[in-house]
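Asker: one predicted model, sequence on top.
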Amino acid sequence: MTTIPPKVISAYGLGRILATKLVPTGLIHQTSKIRTERGTFILQRLHPVLASEAAAQDFLAVTLFLKKNRFPAPECVLNRDGGVLTEAGGHVWRVQTFIPGKTYDTVDSPAIAFEAGLIFSRLHRTLAEIRHRFLAPVILHNTEECYASFQQAVERYSGTGLLKKAAPEADFLAEELPKLFLPHDLPLRVIHGDPKITNILFGPGGKAKAIVDLDNCNRQSLLGELGDAFRSWCGGEEDDPKNEFRLDLFRTAWKGYSKGAKDFLTTHESGYLPQALGTITLELATRFLTDYFSDSYFGWDKKRYQSRRAHNLARARGQIALYRDLREKTTEIREVVS
């Protein structure tokens, strides 16, 4: 872990550090839980893509709004100058309050799936009332932009050993993903942006108690969010070559979301949800494969893979396997949603 510069601790007035623990679940930021003389906090060394002042102001606005509306989420801690971000040691840092709770790496029971769906529906309904004008550009679930970046990467590496190794995956994505582009007339909603299960904190009795990692909140179609949520909750490990979609988890996750959302979703939106599951799964596969070429964005497991490229290629293959299974279960998925 990178040493925390003293300037960071001083900037937020946290006092002496008593203990530090790396939080290993994120793929983008380096996140640490720190216990200080002032209490326990979450300290993040931000990835450059999300280290802008615009993103910081969006993050602050969302956390303040959720606090005002009593939705359980971390609070942004400002530095002594009243800012969100602090530059030190060649990186940009941010601090937020710590919320105790249990996290899961995977959804292993229908009860957890139900709670995940329920709390995300509550988040969506709460954020529907925010009037903040988001400043940062939307960087997630722009499927057509992700596909364009993927095409550019394939063209750039044409004729190289890198493309030859990933040619079956690249050809499959080029054939399948354009068929799944979602319509442009869907309502814009304020979404979380990264609804993986590790961003939900659970309390006693397995009840979802809070949502964390509010970096990517913005206005988009809700289908990208829901497709990504159900993909990640109901699928296997992202790099599993035999990845499958669990209908039992999807049924209860959708039941939980529907209970909280009630009439929030339009018929037009819910009708496209089964397609969105495939759209976002292959969108993520293109993002992994694009980073397989560029070797610059996603974190990777150094204990299991020799390189970031190796891990990203395995992730792309895992998502393609999940999509193939989703395609076989389309009828059942539509029955659950309807």
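Answerer: Yep, it's here.
Asker: buried residues in the worst-scoring helix or strand of the chain on mean pLDDT, which are they?
Answerer: Ranking every helix and strand in the chain by mean pLDDT, DSSP states H and E puts strand 17-23 at the bottom, with a mean of 90. For strand 17-23, burial by neighbour count (16 or more other C-beta atoms under 10 Å) applies to Ile17, Val23. For every residue, glycine as well, the C-beta is placed using N, CA and C.
Asker: okay, now the sheet partners of the next helix or strand after that strand, with direction.
Answerer: Sequence-wise, the next helix or strand downstream of strand 17-23 (DSSP states H and E) is strand 30-36. Strand 30-36 pairs in its sheet with strand 17-23 (antiparallel), strand 39-45 (antiparallel), by DSSP bridges.
Asker: what does strand 30-36 contact?
Answerer: 1-2, 4, 9, 14-23, 25, 40-45, 98 (C-beta atoms under 8 Å, 6 or more residues apart in numbering).
Asker: mean confidence score for that strand?
Answerer: The average pLDDT for strand 30-36 rounds to 92.
Asker: pull the distance from it to the chain's centre.
Answerer: Counting by C-alpha atoms, centre = their mean, to the nearest Å, strand 30-36 is centred 20 Å from the centre of its parent chain.
Asker: dead centre of the chain: give me the residue that sits there.
Answerer: Central residue of the chain (C-alpha atoms, centre = their mean): Asp194, 2.0 Å from the mean position.
Asker: mind listing what's buried in stretch 237-250?
Answerer: Using 16+ other C-beta under 10 Å as the test for burial, stretch 237-250 gives Glu238, Asp239, Asp240, Asn243, Glu244, Phe245, Arg246, Leu249, Phe250.
Asker: before we move on, the earlier item: list the contacts of the least confident helix or strand of the chain.
Answerer: Here strand 17-23 has contacts from Met1, Ile4, Ile9, Gln30, Thr31, Ser32, Lys33, Ile34, Arg35, Thr36, Glu37, Ile42, using C-beta under 8 Å, 6+ apart.
Asker: alpha carbons of that strand, as CSV, please.
Answerer: Taking C-alpha atoms only, strand 17-23 is exported to CSV below (Å, rounded to 0.1, in the frame of the first residue of the first chain):
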residue,chain,number,x,y,z
ILE,A,17,-3.3,7.9,12.7
LEU,A,18,-3.7,4.9,15.1
ALA,A,19,-4.4,2.1,12.6
THR,A,20,-4.7,1.7,8.8
LYS,A,21,-6.3,-1.1,6.9
LEU,A,22,-6.5,-1.5,3.1
VAL,A,23,-10.0,-2.1,1.7
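Asker: what residue ranges in this structure score low on pLDDT?
Answerer: Along the chain, the model assigns pLDDT under 70 to residues 1-2, 25-27.
Asker: nearest to Ala229, of the strands paired with strand 30-36?
Answerer: If you check each of the strands paired with strand 30-36 against Ala229 by C-beta to C-beta, strand 17-23 wins as the nearest, at 20.8 Å.
Asker: one step back: biggest separation within the buried residues of stretch 237-250, which pair?
Answerer: Longest span within these, C-beta to C-beta: Asp239 and Phe250, 20.8 Å.
Asker: ranges for the strands of the stretch 151-300 of the chain?
Answerer: Along the stretch 151-300 of the chain, counting by DSSP state E, counting those that start in this stretch, strands occupy 188-191, 200-202, 208-211, 218-221.
Asker: mind putting the ones you listed into TSV with mean neighbour count and distance to Arg122?
Answerer: Putting the strands of the stretch 151-300 of the chain into TSV (neighbours: other C-beta atoms under 10 Å; distance: least, C-beta to C-beta, whole Å) gives the following:
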stretch	mean neighbour count	distance to Arg122
strand 188-191	20	13
strand 200-202	21	11
strand 208-211	20	9
strand 218-221	20	18
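Asker: just put those in JSON lines and tack on distance to Ala54.
Answerer: Supplementary listing: the strands of the stretch 151-300 of the chain in JSON lines, determined by distance: least, C-beta to C-beta, whole Å:
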{"stretch": "strand 188-191", "distance to Ala54": "16"}
{"stretch": "strand 200-202", "distance to Ala54": "26"}
{"stretch": "strand 208-211", "distance to Ala54": "22"}
{"stretch": "strand 218-221", "distance to Ala54": "11"}
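Asker: show me what contacts the closest residue to Ala210 other than its chain neighbours?
Answerer: Counting by C-beta to C-beta, 6 or more residues apart in numbering, Ala210 lies nearest to Pro72, which is 3.8 Å off, once chain neighbours are set aside. Taking C-beta under 8 Å, 6+ apart, we find Pro72 in contact with Leu66, Ile99, Leu201, Lys209, Ala210, Ile211.
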